[in-house]
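> Give me a 3D structure for the following:
(chains A and B)
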Amino acid sequence: GAVVSQHPSRVICKSGTSVKIECRSLDFQATTMFWYRQFPKQSLMLMATSNEGSKATYEQGVEKDKFLINHASLTLSTLTVTSAHPEDSSFYICSASWGNNEKLFFGSGTQLSVL
Amino acid sequence: ELKVEQNPLFLSMQEGKNYTIYCNYSTTSDRLYWYRQDPGKSLESLFVLLSNGAVKQEGRLMASLDTKARLSTLHITAAVHDLSATYFCAVDPNTNAGKSTFGDGTTLTVKP
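I've put the predicted structure just below:
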């Protein structure tokens, strides 16, 4: 089956630094990838839709200057949390759809802790 | 605005018992997904339900979709400890799985 790789799995950083998270589709081309945030014991919240070769589409309430998304190729999307603060600490998950957008494959997630 | 409600949110059951998780949603949709999440892990796709009356089964789990009632069920048969996890339903009104609205999740604990 399709595989989505996400890296790193865990990152701890100081407040004010920027963190980049990578999401790769390993055996298929993903023109569209999605980024979610999940707080402890809560559901997933869609942050943005990442489109290869064009600007990402952000959901309402998500700061585009804070969460920079780049989808430079058909197999790679990156999310950069800029000037991270403790309230940005969360579990970030990417996904890519395959086959007429009917099924999602999720990355393994990145646990971000900002001190 | 699409709302997706799951119940129960927490479920503790004994091994060998049967139970059903319910997923109600507020607007018309023919596409619904069930996912499993283990603690500290990402999501695993369980079922994709694409039409009214769709029923899919995998092992001890069976999912169904009634689009007229805007209801999906995830039935657990003869639960085993390995099924302990959080289960999410997600509804896709726009034929784009990635933009689905997720329910709050049902945390299932199966006790010996």
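
> Quick check: next helix or strand after the helix or strand that contains A:Thr49?
Using DSSP states H and E, A:Thr49 maps to strand A:44-51. Per DSSP H and E, the first helix or strand lying C-terminal to strand A:44-51 is strand A:57-58.

> after that next one comes which helix or strand?
Later in the chain than strand A:57-58, the nearest helix or strand by DSSP H and E is strand A:67-73.

> pLDDT below threshold where in chain A?
Low-confidence segments of chain A, defined by pLDDT under 70: A:1-2, A:98-101.

> and the residue lying closest to A:Arg24 once chain neighbours are set aside, how many neighbours?
Closest residue in space to A:Arg24, ignoring its immediate chain neighbours: A:Ser5 at 4.6 Å, by CB to CB, 6 or more residues apart in numbering or on different chains. C-beta: built from backbone N, CA, C; applies to glycine. In terms of burial, A:Ser5 registers 14 neighbours under the definition other CB atoms under 10 Å in any protein chain shown.

> Looking only at the helix or strand hosting A:Ser5, what residues are buried by neighbour count?
Assigned by DSSP H and E, A:Ser5 belongs to strand A:4-7. Buried residues in strand A:4-7, counted by 16 or more other CB atoms under 10 Å in any protein chain shown: A:Val4, A:Gln6.

> give me every residue that touches the residue nearest to A:Arg24.
Residues in contact with A:Ser5, defined by CB atoms under 8 Å, 6 or more residues apart in numbering or on different chains, are A:Glu22, A:Cys23, A:Arg24, A:Ser25, A:Leu26, A:Gly107, A:Ser108.

> Please apply the same query to A:Ala48.
Here A:Ala48 is in contact with A:Phe34, A:Trp35, A:Ala56, A:Thr57, A:Tyr58, A:Glu59, A:Val62, A:Lys64, A:Phe67, A:Ile69 (CB under 8 Å, 6+ apart).

> try it again with 10 Å
A:Ala48 makes contact with A:33-37, A:55-59, A:62, A:64, A:67-69, A:77, A:79, according to CB atoms under 10 Å, 6 or more residues apart in numbering or on different chains.

> near chain B, from those residues?
A:Met33, A:Phe34, A:Trp35, A:Tyr36, A:Thr57, A:Glu59 (CB under 10 Å from any CB of the partner chain).

> and which of the residues you listed is nearest to B:Ala97?
A:Phe34 (8.7 Å; CB to CB).

> my guess is that closest one meets A:Ser25, correct?
No. Look at A:Phe34 against A:Ser25 with CB atoms under 10 Å: they stay out of range, at 11.8 Å.

> ok, the two, which is more surrounded?
Between A:Phe34 and A:Ser25, counted using other CB under 10 Å, the more crowded position is A:Phe34 (28 against 25).

> Can you pull the residues of chain B lying near chain A?
Taking CB under 10 Å from any CB as the test, the list of chain B residues beside chain A reads B:4, B:6, B:9, B:31, B:33, B:35, B:37, B:39-45, B:47-48, B:50, B:86, B:88, B:90, B:92, B:94-105, B:107.
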